[in-house]
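In: Build me a model from this:
(one chain, ligands or ions: 2)
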Amino acid sequence: MAKIASLKDIEEAAIKKLDTNALNYYYSGAQDMITLHDNSEAFDRYQIRPRTLRDVSNVDMGVTVFGKKFSSPIFIAATAMQKMANPVGELGNVRSACKHNVGFSLSSISTSSIEEVADAVKDLEAEGHKSVRYFQLYVYKERAKTLNLIRRAEKAGYDALFVTVDTPYLGRRLPDIRDNFKMPYHLKLANFQTSTDEVSDSTTESENSSWLARYFTDQVDPSLTWNDVLWVKQQTKLPIVIKGILTAEDAKLVVQHNFDGIIVSNHGGRQLDSVSATIDALAEVVEAVEGKIPVFLDGGVRRGTDVFKALALGAKAVFVGRPALWALSYDGEAGVDLMLDIIIEEFRMAMALSGCTETKDITKDYVKIAPKYISKL
Ligand SMILES: Cc1cc2nc3c(=O)[nH]c(=O)nc-3n(C[C@H](O)[C@H](O)[C@H](O)COP(=O)(O)O)c2cc1C
Ligand SMILES: CCCCC(=O)C(=O)O
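Out: Numbering: from 1, shown residues only. Ligands and ions are numbered 1, 2, ... in the order given. This is a model prediction of the structure:
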């Protein structure tokens, strides 16, 4: 078999290994998957404007986020139920992120608990590695349940809460509906000890939604407003990052409410189909926040040049979601190591070949819209 050389190669290898249930769930976007595909394709609408003859023998990819230094700005996004990819699940991802000195975010809907994930890096921390972990929070109808998650994340040393705001309901992912997606029976939603059976018991079976959508409707609060997220802020001293912003209007509200950061995200194209690709939404959000809080991006990041373009358009760092799942499926923790090694090296190369030796050098002067996409109107 030919050597793996790109994230695309890892994805192809993983697709061959995964069963239909997990593959449908990991792969799919909402509805016609227009946004899912556009997230990656949109990066190709931007071109890099490289500078030459600068000494690029040393390239520093480092960034600082909420006072913590990272070796590179490529972090791991919160994705649910990682043990469907490989028994090591979330623990493989958090360990690999720690070894690479990049951030890891844990989903509320994880198959390893908040505490297990924190414990999994203890040996690496003892060797001198730094682990920065963010906890992705869904606001449960039952506020005591939400508060319990917040307290546990604080106690286990997580660095920030990422409150997801694009999911009052789970988007319609047609493959999950058609094939009736279910978490395998041997797994649990580890933060709550919820098993597949309990979900079916507590909700009405419906022809028109997946197991997960039923769980979500049952548990997660669709009445969420800014006031509820302010309630979260009042409960904790941890920085609160709002995940799932796509417009300048909402970005300004995030700043007005004194939250600490924004992730420009469309949930990997899994929520509302036909919204803009995140790289296309980034500039308006960055402009609206006027440098007051950091802006991050996720969605479709698959190459070092994608990372470079996102930083040029104002992102502090980016998150990869599916690539970490494909990597886990391909080869567990070693697969994630390989995935991060590849994309970090690609990013280093993109910086060097563009004449940038520090991430702060990567400004909007380094990108332009490819001529064929400029409107002739
Ligand atoms: C299988 C899967 C599960 C996800 N689960 C969550 C989740 O539990 N919470 C959340 O806020 N976002 C979740 N996301 C969205 C990711 O955090 C992220 O926004 C998205 O994956 C980025 O796009 P990418 O997969 O193209 O990198 C999930 C995405 C995928 C693909
Ligand atoms: C109820 C689980 C939600 C996970 C999620 O956010 C996703 O599948 O995109």
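In: Run through the residues that contact the residue nearest the centre of the chain.
Out: The centre of the chain sits closest to Ala77, judged by C-alpha atoms, centre = their mean, with a distance of 2.4 Å. For Ala77, the contacting residues are 105, 268, 298, 319-321, 324, taking C-beta atoms under 8 Å, 6 or more residues apart in numbering as the criterion. In short, each C-beta sits where N, CA and C put it, glycine included.
In: same thing but at 7 Å, please
Out: By C-beta atoms under 7 Å, 6 or more residues apart in numbering, the contact list for Ala77 reads 105, 298, 319-321.
In: And Pro222, by the same measure?
Out: By C-beta under 7 Å, 6+ apart, the neighbours of Pro222 are 168-169.
In: can you name the two of the contacts of Ala77 that are farthest apart?
Out: Distances among the contacts of Ala77 were taken as C-beta to C-beta; the most separated pair is Ser105 and Val320, at 10.7 Å.
In: can you list residues touching both of those two?
Out: Common neighbours of Ser105 and Val320 (criterion: C-beta under 7 Å, 6+ apart): 76-77.
In: where does Ala118 land in three-state SS?
Out: The three-state label for Ala118, taken from DSSP: H, G, I helix; E, B strand; the rest coil, comes out as helix.
In: Please read the previous query as pertaining to Leu238.
Out: Here Leu238 is coil, with the state taken from three-state DSSP.
In: shouldn't it be in contact with Gly157?
Out: No. The pair Leu238 and Gly157 fails to qualify as a contact (C-beta atoms under 7 Å) at a distance of 10.4 Å.
In: Please say whether there is contact between the helix or strand where Leu340 lies and ligand 2.
Out: Using DSSP states H and E, Leu340 sits in helix 322-354. No. No part of helix 322-354 sits near ligand 2 under the criterion C-beta under 6 Å from any ligand atom; the closest distance found is 10.7 Å.
In: which parts of that helix are buried?
Out: By neighbour count with 16 or more other C-beta atoms under 10 Å, helix 322-354 contains the buried residues 322-333, 335-340, 342-344, 346-348, 350-354.
In: Tally up the residues packed near whichever residue of the stretch 251-377 of the chain sits closest to ligand 1, please.
Out: Nearest to ligand 1 in the stretch 251-377 of the chain, going by C-beta to the nearest ligand atom, is Gly321, at a distance of 2.1 Å. Counted with other C-beta atoms under 10 Å, the neighbours of Gly321 add up to 23.
In: And it, how far from Thr79?
Out: When C-beta to C-beta, to the nearest Å is applied, the distance between Gly321 and Thr79 equals 5 Å.
In: okay, now the nearest residue to Thr194 once chain neighbours are set aside: neighbour count?
Out: Taking C-beta to C-beta, 6 or more residues apart in numbering as the measure, Thr194 lies nearest to Lys188, with 6.4 Å between them; neighbours along the chain are not counted. Applying the criterion other C-beta under 10 Å, we find 19 residues in the vicinity of Lys188.
In: Now do Lys188, the pLDDT please.
Out: The pLDDT attached to Lys188 in the predicted structure is 95.
In: what are the phi and psi angles of the closest residue to Pro168 other than its chain neighbours?
Out: Among residues not flanking Pro168 along the chain, Pro222 sits closest, at 3.9 Å (C-beta to C-beta, 6+ apart). Torsion angles at Pro222 (phi, psi; degrees, to the nearest 10) stand at phi -80, psi 0.
In: what does the protein have sitting close to ligand 1?
Out: Proximity of the chain to ligand 1, by C-beta under 6 Å from any ligand atom, involves residues 25-26, 39, 77-80, 107, 109, 136, 164, 243, 265, 267-268, 270, 298-301, 320-322.
In: just to revisit the earlier point, the residue of the stretch 251-377 of the chain closest to ligand 1 reaches Gly269, doesn't it?
Out: No. Assessed by C-beta under 7 Å, Gly321 is found out of contact with Gly269, at 10.1 Å.
In: Now Ala5: which helix or strand?
Out: Assigned by DSSP H and E, Ala5 falls outside every helix and strand.
In: Can you report how many residues lie near it?
Out: A total of 10 residues lie near Ala5 under the criterion other C-beta under 10 Å.
In: Relative to His100, how far out is the residue nearest to it when sequence neighbours are not counted?
Out: If you skip the residues right next to it in sequence, Ala5 has Ile342 as its closest partner in space, 7.2 Å away by C-beta to C-beta, 6+ apart. Spatial separation of Ile342 from His100 under the definition C-beta to C-beta is 11 Å.
In: Give me every residue in the stretch 1-150 of the chain lying close to ligand 2.
Out: Counting by C-beta under 6 Å from any ligand atom, the stretch 1-150 of the chain sits next to ligand 2 at 80, 109.
In: Going along the chain, name the strands of the stretch 1-150 of the chain.
Out: Assigned by DSSP state E, counting those that start in this stretch, the stretch 1-150 of the chain shows strands spanning 46-48, 63-65, 68-70, 74-76, 104-106, 133-137.
In: Export these as CSV, with columns for mean neighbour count.
Out: Listed next are those as CSV, based on neighbours: other C-beta atoms under 10 Å:
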stretch, mean neighbour count
strand 46-48, 17
strand 63-65, 19
strand 68-70, 15
strand 74-76, 27
strand 104-106, 28
strand 133-137, 25
